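# Provided below are the primary sequence and the corresponding predicted coordinates.
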Amino acid sequence: MVLTVDGLRMRYGDREVLHDVTFDARPGEVLALLGPNGAGKSTTIEILEGFRLRSAGHVEVLGVDPAAGDERWRSRIGIVLQSWRDHGNWRVGELLHHLGSYYTPYRRAWPAGELLDAVGLTPCAGQKIKTLSGGQRRRLDVAIGIVGRPDVLFLDEPTTGFDPEARSEFHELVRGLAAEQGTTILLTTHDLDEASKLAHRILVLAAGRIIAAGSTAQLTELIAGEDEVRWSVDGQPFRKATADSTAFVRELFATYGDAVRELEVRRASLEDTYLTLVRDQVSEREPA
Amino acid sequence: MESAASVKTGWRRGLIELRQSFTNGPELFSHFLWPVLMLAALFFLRHRDFGSTGLLLGALALPSILGMNAAMGMVSMSQQLTADREDGTLLRAKAMPNGMVSYLIGKVVSVAGGLLADLAILLIPGLFLVEGLALGSAHWFTLVWVLLLGLVATLPIGAILGSVFTTARSQGLIQLPMLALIAVSGIFYPITALPGWLEWIGQLTPVYWMGLGMRSALLPGEAVVVEVGESWRHLETAAVLGVWAVAGLLLAPVVLRRMARRESGSKVAERRERALQRVA
């Protein structure tokens, strides 16, 4: 296992942010931590990055407790940070080359030129970072995160503020990393669509607990509610919720034949169920 | 091997930042603004006598200002640390192997390097403008040791201040006490003119001793009559600056480590939110 999290708890004063979070990740797996704002996603990822001390529980990243990780451990971890205006006077290629040199004692870093090519920033190599567009900066953030060819990569809300095109380019990049480099990836997002596009496995986090986990297909099966079937017979409308809408409709025609009109079958959408689930969880936990 | 590597990356980082500070407009302007203003002031003071001592005011002021500027390296150290923490530079360093150590070495190199350049910008034209200075190899030796010891005494204090104050705004708060410190440190008029208790406070600061050291390096021997006890007090200079240096070097790693431990993505995001609200 690349990541092992068992019974993780986090408390700020008397406010409990994470209750008993448990999951793991295999090598090369892409894991999405999905949940609304304030669910505890960032706290979880920061504990794994070694940037935050947990209150209780067992956590291992590459076999090491992040709270005790040394520099060699650090060299195997990649973190994609949300840049704002740091290193504004540095040139793109210069910063990437410089940060790559930090890995020299441990492993061969990605040559800056090749990496710029991989993230599509070659034309900006000589530009000052403060002159980059938002999308270009985020690509640079990713490049910095992977310059040491990490075994594990952490991305916290990586596509916040992206336009649809930049978002799909970014998804392409992340999928390539996992497939070609075998990098294990943990990302947080509040966007179900993004999670299902990127991740092999989704962990739904709400109010500090994992309330569901699995692939998109498994989650649909697990948490998606029943399909809805509407029809009318002799002008009278009917409505039925069922887990197996196909069988139900076959039955319907067998019984009523041509009398069935205005048939409508609405498949349960994961999106709807996810939203309902999260809303229930949150309102349940919040004191009235 | 690891620590040698961090020294190397840190050194390179410092040189890159130093080069950047001399190749972009706003920073280049700030490198030259104060030295030029002070040189202009010195130019107009160069023939004025200081009381009945037979010393020239310009000659007294140049070394004092030099010492003060060198001590103010702690302010730029502090400001840069706070700014780097606010904009996420520090967090970026923390995410790299040996990143914090390299960052700190780089910061010392770029701040000290920038400071030495600033001092040269003031001193070299000053030597031509100001009359009544005394220069010899013994003097240069004093200049170098006072300057180096002074930097070792003041830069760690700067790093501590930069760790304690978290926002650029609170950095502004340390400017005022800093001005007060300069006022009691015998830079613009001899410390002996101050009331006894202020004279005492002034002599606790590194600013006073760096000014005194610079005067001892750049003034002729007879100028010593305006100093406390009519002595350059080199031993005391080394002792006071040495105490500051040891205290700073002992305390700074503790404070810096505590500060670095607390950095995280959400901390930077919080500060970004706050800063953006201020702009809006």
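Structure's in. What do you need? Residues are numbered from 1 along each chain as shown, chains lettered A, B, ... in the order given.
# Buried residues, the longest helix seen in chain B. List them.
Assignment by DSSP state H gives helix B:99-129 as the longest helix of chain B. Judged by neighbour count (16 or more other Cβ atoms under 10 Å in any protein chain shown), helix B:99-129 contains these buried residues: B:99-116, B:118-119, B:121-123, B:126. In short, each C-beta sits where N, CA and C put it, glycine included.
# Which positions in the stretch 151-288 of chain A make contact with chain B?
By the rule Cβ under 8 Å from any Cβ of the partner chain, the part of the stretch 151-288 of chain A lying against chain B is residue A:156.
# residue boundaries of the strands in the stretch 151-288 of chain A?
Using DSSP state E, counting those that start in this stretch, the strands of the stretch 151-288 of chain A run over A:152-156, A:184-189, A:201-206, A:209-214, A:227-233, A:236-242, A:260-266.
# would CSV of those with mean neighbour count and mean pLDDT be doable?
Below are these laid out as CSV (neighbours: other Cβ atoms under 10 Å in any protein chain shown; pLDDT from 0 to 100):
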stretch, mean neighbour count, mean pLDDT
strand A:152-156, 24, 94
strand A:184-189, 25, 94
strand A:201-206, 24, 93
strand A:209-214, 18, 90
strand A:227-233, 16, 91
strand A:236-242, 12, 90
strand A:260-266, 12, 91
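# got those as TSV, with distance to residue B:156 columns?
Listed next are the strands of the stretch 151-288 of chain A as TSV, based on distance: least, Cβ to Cβ, whole Å:
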stretch	distance to residue B:156
strand A:152-156	33
strand A:184-189	38
strand A:201-206	43
strand A:209-214	46
strand A:227-233	68
strand A:236-242	70
strand A:260-266	68
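# quick one: the top helix by length along chain A to chain centroid distance?
Ranked by residue count, the top helix of chain A under DSSP H comes out as helix A:164-181. With Cα atoms, centre = their mean, to the nearest Å as the basis, helix A:164-181 stands 13 Å off its chain's centre.
# And it, what does it pack against?
strand A:30-34, helix A:134-146, strand A:184-189, helix A:192-198 (3 or more Cβ pairs under 8 Å, 6 or more residues apart in numbering or on different chains; DSSP states H and E).
# From the buried residues of helix B:99-129, list the ones also adjacent to chain A.
With Cβ under 8 Å from any Cβ as the criterion, the buried residues of helix B:99-129 include B:99, B:102 near chain A.
# show me the contacts for the residue nearest the centre of chain A.
Among the residues of chain A, residue A:32 comes closest to the average C-alpha position under Cα atoms, centre = their mean, at 2.9 Å. Going by Cβ atoms under 8 Å, 6 or more residues apart in numbering or on different chains, residue A:32 touches A:186, A:187, A:188, A:189, A:194, A:195, A:198, A:199, A:201, A:202, A:203.
# Chain neighbours aside, what residue packs nearest to the residue with the largest distance to the centre of chain A?
If you look at how far each residue of chain A sits from its centre, by Cα atoms, centre = their mean, the farthest one is residue A:234, at 49.0 Å. With Cβ to Cβ, 6 or more residues apart in numbering or on different chains as the criterion, residue A:234 has its nearest non-adjacent residue at 6.7 Å, and that residue is residue A:259.
# Kindly report the same for residue A:242.
Leaving aside its sequence neighbours, residue A:242 sits nearest to residue A:248 (Cβ to Cβ, 6+ apart; 4.6 Å).
# check contacts around the most centrally placed residue in chain B.
The structure's chain B has its C-alpha centroid closest to residue B:73; by Cα atoms, centre = their mean the separation is 2.1 Å. Counting by Cβ under 8 Å, 6+ apart, residue B:73 touches B:111, B:112, B:115, B:151, B:154, B:155, B:158.
# If we ignore the residues flanking it in sequence, what's nearest the first one?
The spatially closest residue to residue B:111, leaving aside those adjacent along the chain, is residue B:77, at 5.0 Å (Cβ to Cβ, 6+ apart).
# before we move on, what about the fifth one?
Nearest non-adjacent residue to residue B:154, counting by Cβ to Cβ, 6+ apart: residue B:74, 4.1 Å away.
# Where does that neighbour fall, secondary structure wise?
Counting by DSSP states H and E, the element that carries residue B:74 is helix B:73-87.
# Which neighbouring elements make contact with the next helix-or-strand element following that helix?
In the C-terminal direction, the helix or strand that comes right after helix B:73-87 (DSSP H and E) is helix B:89-94. When contacts are defined as 3+ Cβ pairs under 8 Å, 6+ apart, helix B:89-94 sits against helix B:73-87, helix B:99-129, helix B:265-279.
# ranges for the helices of chain B?
For chain B, the helices defined by DSSP H cover B:2-21, B:25-45, B:57-71, B:73-87, B:89-94, B:99-129, B:137-164, B:168-173, B:175-183, B:196-202, B:206-218, B:234-261, B:265-279.
# so where's the chain shaky on pLDDT?
Let's take chain A. A:223-225, A:282-288 (pLDDT under 70).
# if you could check chain B rather than the one you did, that'd help
Scanning chain B for pLDDT under 70 picks out the ranges B:1, B:279-280.
# tally of neighbours for residue 269?
In the absence of a named chain, this looks at chain A. Neighbour count for residue A:269, taken as other Cβ atoms under 10 Å in any protein chain shown: 14.
# Not quite, go with chain B.
Using other Cβ under 10 Å: residue B:269 sits among 17 other residues.
# Contacts only, for it.
Contacts for residue B:269 (Cβ under 8 Å, 6+ apart) come out as residue A:82.
# What sits closest to residue A:205 if chain neighbours are left out?
Closest residue in space to residue A:205, ignoring its immediate chain neighbours: residue A:35 at 3.7 Å, by Cβ to Cβ, 6+ apart.
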